[in-house]
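K.L.:
Give the three-dimensional model of this entry:
(4 chains)
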Protein chains: 2
Amino acid sequence: MNLQDQLNHNGLRLTHPRQVVMSVLEAANIPLSPQSIHQRSLEAQEEIGLVSVYRTLDLLTELGLVRRVHGHEECQGYVLASPGHHHHVVCRQCEAAVEFTGMEDVSLLVERIQAQTGFTIDEHLLQFYGLCPACQEEVER
Amino acid sequence: MNLQDQLNHNGLRLTHPRQVVMSVLEAANIPLSPQSIHQRSLEAQEEIGLVSVYRTLDLLTELGLVRRVHGHEECQGYVLASPGHHHHVVCRQCEAAVEFTGMEDVSLLVERIQAQTGFTIDEHLLQFYGLCPACQEEVER
DNA sequence: ATCCTTATTGAAAACGTTTTTCAATAAGGA
DNA sequence: TCCTTATTGAAAAACGTTTTCAATAAGGAT
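P.N.:
Presented below is the predicted three-dimensional model:
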């Protein structure tokens, strides 16, 4: 199911700004702020309004096509989401973000905490920070 | 080494706003935004300027006494940097925050992700959201 | 291909948060 | 107690994000 259909099924339309935001995110492999997405759209000679970037990011996030990521300094970072519930390891130095899968350990943890505290848990926030392989090498030199 | 000495050693001074921010953070054990720290200082009849809250948080973070944390919606959250790393379950309804311990599962997870991605991980952000026992009962009625 | 409805856009204005500026204040060593 | 200067608070500036609204264009219907 492509973007066009996914939008139309919800009574939404495939517009120029939406295509541009998607292709900018596809080209970049690091989380981008709304500002820098807008910047890159201009550099690509695809003028779209900053306001539309914000609106499009909200929409794409809701559709699950894009995921919001918290950088160390920049709070509003967006990356393309691969399907399923994923989390990111973010590099402290170059801001590269890598997704990882297999959250059985978290499910176990959730169950234990529910039993331990009596809470029912329906959501969690999990993110790791460190150094990516490339930046590790740079530091060693 | 107390706060007073730690500040004076660096040519800094122990002032009223700094004491207030510290005691607000000590009283709350969940991440607080600059705004809500300010709010709580007013409620405690300890009027300090919002500007000083910002400046004090920067300072305390630099001194390593406070740590910045990214919340789900609110990006600027600050907690006391206690040596023992702990996490919270936060109630969606009444905001109650309960600490839980025993993070062996997370250590396992960290090791697996390090092996899987090649990153070295030195920090993580983990928080759970749900309903506390009291609010669960209320919902059932 | 054209029309028609309405989702969507972009510019401006509104908004909230964070930072800067600067004169007045107060911390703490002499 | 004095003196230096780090620090404060209020106002203004700067910044990022959201809202408003008339104009536009997407895409189903004709």
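K.L.:
Is chain B within reach of stretch A:50-67?
P.N.:
No. Judged by Cβ under 8 Å from any Cβ of the partner chain, stretch A:50-67 stays clear of chain B, getting no closer than 12.7 Å. Where you see a C-beta, it was placed from the backbone N, CA and C, and this is true even at glycine.
K.L.:
Also stretch A:118-133?
P.N.:
Yes. Using Cβ under 8 Å from any Cβ, stretch A:118-133 reaches chain B at A:118-133.
K.L.:
By neighbour count, which of those residues wins?
P.N.:
A:F119 (25 neighbours; other Cβ atoms under 10 Å in any protein chain shown).
K.L.:
And A:Q19, how close does it get to A:E47?
P.N.:
As for A:Q19, its distance to A:E47 is 13 Å (criterion: Cβ to Cβ, to the nearest Å).
K.L.:
Counting neighbours around each, name which of the two comes out higher.
P.N.:
Neighbours were counted for A:Q19 and for A:E47 using other Cβ under 10 Å; A:Q19 has more, 15 against 11.
K.L.:
chain center to the lengthiest strand in chain A, what's the gap?
P.N.:
Criterion DSSP state E: the longest strand present in chain A is strand A:120-131. On the basis of Cα atoms, centre = their mean, to the nearest Å, strand A:120-131 is displaced by 14 Å from the centre of the chain it belongs to.
K.L.:
Just want the angle from it to strand B:120-131.
P.N.:
Our comparison of strand A:120-131 with strand B:120-131, counting by axes from the mean of the first three to the mean of the last three Cα atoms, to 10 degrees, yields an angle of 160 degrees.
K.L.:
Give me the contact list for strand A:120-131.
P.N.:
A:69-70, A:72, A:87-93, A:106, A:110, A:113-114, A:139, B:70-72, B:89, B:92, B:110, B:113-114, B:119-131, B:136 (Cβ atoms under 8 Å, 6 or more residues apart in numbering or on different chains).
K.L.:
Can you give me the domain assignment for chain A?
P.N.:
As assigned by automatic domain parsing, chain A contains the domains A:1-81, A:83-141.
K.L.:
and the longest one, anywhere near DNA strand D?
P.N.:
Yes. Domain A:1-81 lies within reach of DNA strand D by Cβ under 7 Å from any atom of the strand, at A:4, A:7-8, A:13-16, A:33-35, A:50-51, A:54-55, A:58, A:75-76.
K.L.:
From the residues you listed, list just the buried residues.
P.N.:
Among the residues of domain A:1-81 next to DNA strand D, those classed as buried by 16 or more other Cβ atoms under 10 Å in any protein chain shown are A:7, A:33-34, A:54, A:76.
K.L.:
quick one: which of the residues of domain A:1-81 next to DNA strand D sit in helices?
P.N.:
Among the residues of domain A:1-81 next to DNA strand D, the residues falling in helices (DSSP state H) are A:4, A:7-8, A:16, A:34-35, A:50-51, A:54-55, A:58.
K.L.:
Could I get the residues you listed in TSV, plus columns for pLDDT?
P.N.:
Formatted as TSV, those follow (pLDDT from 0 to 100):
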residue	pLDDT
A:Q4	95
A:L7	96
A:N8	95
A:H16	98
A:P34	97
A:Q35	96
A:L50	98
A:V51	98
A:Y54	98
A:R55	98
A:D58	97
